[in-house]
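Enquirer: my questions concern the predicted model and sequence given below.
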Amino acid sequence: MKTILQINSSARSNGNANALADQFVGEWLTTHAQDKLVKRDVGANPLPHLSEELIGAFFTPADQRTAEQAALVQRSDQLIAELQAADVLVLGVPMYNFGIPSTLKSYFDHIARAGVTFRYTANGPEGLVKGKQAYVLAARGGLYQGTPKDSQTTYLRDFLAFIGIDDVEFVYAEGLNMGAEQHDQAQAAAQQRIAELAH
């Protein structure tokens, strides 16, 4: 039995990226009915952005934290525990103004913790979240895959590898705002790829 951690990040509950992630997980659980799903929607329930107080709490030794600092770190610890317990990470990622949603960036900021999910060594950084698969369901209004304007793919690969996840597959649905024909073709292609990966 595997545990699937699904992170949705669309600002709209019915956003295309959320729908793709839901479809992927639905297909996966149809084939792997014994697997467990943990779902977190950072679009609907956003995490706070990094602040001086939060960074201070992260870098204060546990036995020296104030009650307020301990509460701030507890939320991060919970998110990291979810990730560590998961075997498969599914990310629903829309493109907002050429980047990932700020809510997803906040999630990443909460799980990137020195000494917990990564560490620096004499040979450079080492990710500590290992042995996991990740699937990124990327929805875009325009056509960006393979162009210099696709900052998402490189960023997501780099971040996930930084914390130790280098087995990453991307599913793209692009041109969703470029007319009904392009929309339907993109959705059909994404659904076909989801069916291939989720079985």
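Expert: Cool, the structure landed. Quick caveat: nothing in here was measured; it's all calculated off a predicted structure. Residues are numbered from 1 along each chain as shown.
Enquirer: what pairs with the helix or strand hosting residue 6, parallel or antiparallel?
Expert: Per DSSP states H and E: residue 6 is located in strand 3-8. Take DSSP bridges as the rule and strand 3-8 pairs in its sheet with strand 36-41 (parallel), strand 88-94 (parallel).
Enquirer: per-residue confidence averaged over stretch 190-198?
Expert: Mean per-residue pLDDT for stretch 190-198: 93.
Enquirer: can you check stretch 151-171 too?
Expert: Mean pLDDT, computed over stretch 151-171, is 97.
Enquirer: quick one on the thing from earlier: pull out the buried positions in the next helix or strand after the strand holding residue 6.
Expert: Sequence order places helix 16-31 as the next helix or strand after strand 3-8, per DSSP H and E. By 16 or more other CB atoms under 10 Å, the buried positions in helix 16-31 come out as 16-25, 27-28. Bear in mind the C-beta positions are built from the backbone N, C-alpha and C, glycine included.
Enquirer: can you give me the strands for this structure?
Expert: Here the chain has its strands, by DSSP state E, at 3-8, 36-41, 88-94, 118-121, 124-127, 133-139, 167-173.
Enquirer: which residues does the first one contact?
Expert: Read it as strand 3-8. 17-18, 21-22, 25, 28-29, 35-44, 82-83, 85-92, 104, 107 (CB atoms under 8 Å, 6 or more residues apart in numbering).
Enquirer: list the buried ones in it?
Expert: For strand 3-8, by 16+ other CB under 10 Å, it's 4-8.
Enquirer: show me which of those residues is closest to residue 155.
Expert: residue 7 (15.0 Å; CB to CB).
Enquirer: picking up where we left off before, what about the strand holding residue 6, average pLDDT?
Expert: For strand 3-8, mean pLDDT rounds to 98.
Enquirer: still on that earlier bit, with distance to residue 158 and pLDDT added, can I get the buried residues of helix 16-31 in CSV?
Expert: Formatted as CSV, the buried residues of helix 16-31 follow (distance: CB to CB, whole Å; pLDDT from 0 to 100):
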residue, distance to residue 158, pLDDT
16, 24, 95
17, 20, 96
18, 24, 96
19, 26, 96
20, 22, 97
21, 21, 97
22, 26, 97
23, 26, 96
24, 22, 97
25, 25, 97
27, 27, 95
28, 25, 96
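Enquirer: looking at these, which is nearest residue 116?
Expert: Of all the buried residues of helix 16-31, residue 116 sits closest to residue 21, with 25.5 Å by CB to CB.
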